[in-house]
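Trainee: Fold the following, please.
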Amino acid sequence: MLLHDLENRRGFFEIQPVQYKKLLTLMIEVLENVHKYSEYFDDFIQEYPQFLPEFELTLNDDGFIMVSRNPVRKEDRKALAEKIKLINTSNPDELKKIYRETITNGLFTEKGGAGLGFIEMAKIASNDLEFSFHPAAAGYSIYELTIHIKHTEP
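Mentor: Now for the predicted structure:
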């Protein structure tokens, strides 16, 4: 539904084809990331519906800001933070090397949790991937990911 909504608003916001492709790719990666953790928070959400996953895409003068929020288990926070910090501190050549190593070393989980999505996000984002964890309840935190995407020239 969110991807379809973006497509419908593309003309209204005069989103150029290159920009649209970037936004679409980022949305898919971000939403897959939320979905990856969903099996862990189904029961949690039933008990605490105020912590349902959220997604925002905002347009401003500089470009777009994409924000997602979803529950994660507290024990997953460290690995998640380490993946993003590694991506944020890597230059493009290092990202290529991490990508190749991840694909060839078999570190994929059943849900694909090898961190490749973060590499794709970093390649498109205008700045570092911003993330934070906010207290929730019952062994969970709310993970917030913010990505800035500058306007592209027509």
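Trainee: C-alpha from now on. contacts and neighbour counts both.
Mentor: Noted.
Trainee: longest helix of the chain?
Mentor: helix 17-36 (DSSP state H).
Trainee: So which bits of it are buried?
Mentor: 19-20, 22-27, 29-34 (16 or more other Cα atoms under 10 Å).
Trainee: ditto for stretch 82-102
Mentor: Buried residues in stretch 82-102 (16+ other Cα under 10 Å): 84, 87, 88, 90, 95, 98, 99.
Trainee: Could you pull out the helices in the chain for me?
Mentor: Under DSSP H, the chain gives helices at 2-9, 17-36, 38-47, 77-88, 92-104, 116-124.
Trainee: looking at these, which is closest to residue 53?
Mentor: Minimum separation from residue 53 across the helices of the chain (Cα to Cα) falls at helix 17-36, 7.4 Å.
Trainee: for the record, mean pLDDT for the longest helix of the chain?
Mentor: For helix 17-36, mean pLDDT rounds to 92.
Trainee: Return the angle between stretch directions for that helix and helix 2-9.
Mentor: Helix 17-36 and helix 2-9 are oriented at 160 degrees to each other (axes from the mean of the first three to the mean of the last three Cα atoms, to 10 degrees).
Trainee: contact partners of helix 17-36?
Mentor: 3, 6, 10, 53, 68-70, 111, 113, 117-118, 120-121, 124, 149, 151-152 (Cα atoms under 8 Å, 6 or more residues apart in numbering).
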